[in-house]
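K.L.:
just the structure for this:
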Amino acid sequence: MGQSLEEYMSKVPWERKERFTELLYRIRAWLPETKLNMKYKMPTFEIGANWVSIANHKKYVSVYTCSFGPIKPYVKKHPGTKHGKECLNFRDKDEINYKELRNVVEKALKVK
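P.N.:
Got it, this is the predicted structure:
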């Protein structure tokens, strides 16, 4: 059996815990109809086959989507944001534009 959300959260270091908790809270508030589980061994929000996951890393927090499409507008507006093919990586010193991140999450979960 995999780890629970509580176990995952207990491993998030104090310097990142507030930011991580804020992401969990906001996604849940934006889309309360999502199912939250530990798919992919990280907190994952799902609506049907669509998902968004968040993960703690050594020096940043990542928001994963199932393709580059949902994050592309965020990357274009914030070219300094570290990112991968399907994720945004918010380093500890980075600001997060939550209004635009909400658009990423909603697009990834196809609610818009």
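
K.L.:
what helices or strands is the lengthiest helix in the chain leaning on?
P.N.:
Across the chain, the longest stretch assigned as helix under DSSP state H is helix 14-30. Other helices and strands packing on helix 14-30, by 3 or more Cβ pairs under 8 Å, 6 or more residues apart in numbering; DSSP states H and E, are helix 5-10, strand 50-56, strand 60-65, helix 98-108. Placement of C-beta: from N, CA and C, glycine included.

K.L.:
need the mean per-residue confidence for the second one.
P.N.:
Same thing as strand 50-56. Averaged across strand 50-56, pLDDT comes to 96.

K.L.:
that one to helix 98-108, inter-axis angle?
P.N.:
130 degrees (axes from the mean of the first three to the mean of the last three Cα atoms, to 10 degrees).

K.L.:
mind listing the residues bridging to the spatially most central residue of the chain?
P.N.:
Nearest to the mean C-alpha position of the chain, by Cα atoms, centre = their mean, lies V63 at 2.9 Å. Listed by DSSP bridges, the beta-bridge partners for V63 are I54, L88.

K.L.:
was I right about it contacting E86?
P.N.:
No - between V63 and E86 there is no contact under Cβ atoms under 8 Å: 9.7 Å.

K.L.:
quick check: neighbours shared by the two?
P.N.:
Overlap of the contact sets of V63 and E86 (by Cβ atoms under 8 Å, 6 or more residues apart in numbering) consists of I71.

K.L.:
and the helices and strands packed on helix 14-30: which comes nearest T34?
P.N.:
With Cβ to Cβ, the closest approach to T34 among those belongs to strand 50-56: 8.1 Å.

K.L.:
which neighbouring elements make contact with the closest one?
P.N.:
helix 14-30, strand 44-47, strand 60-65, helix 98-108.
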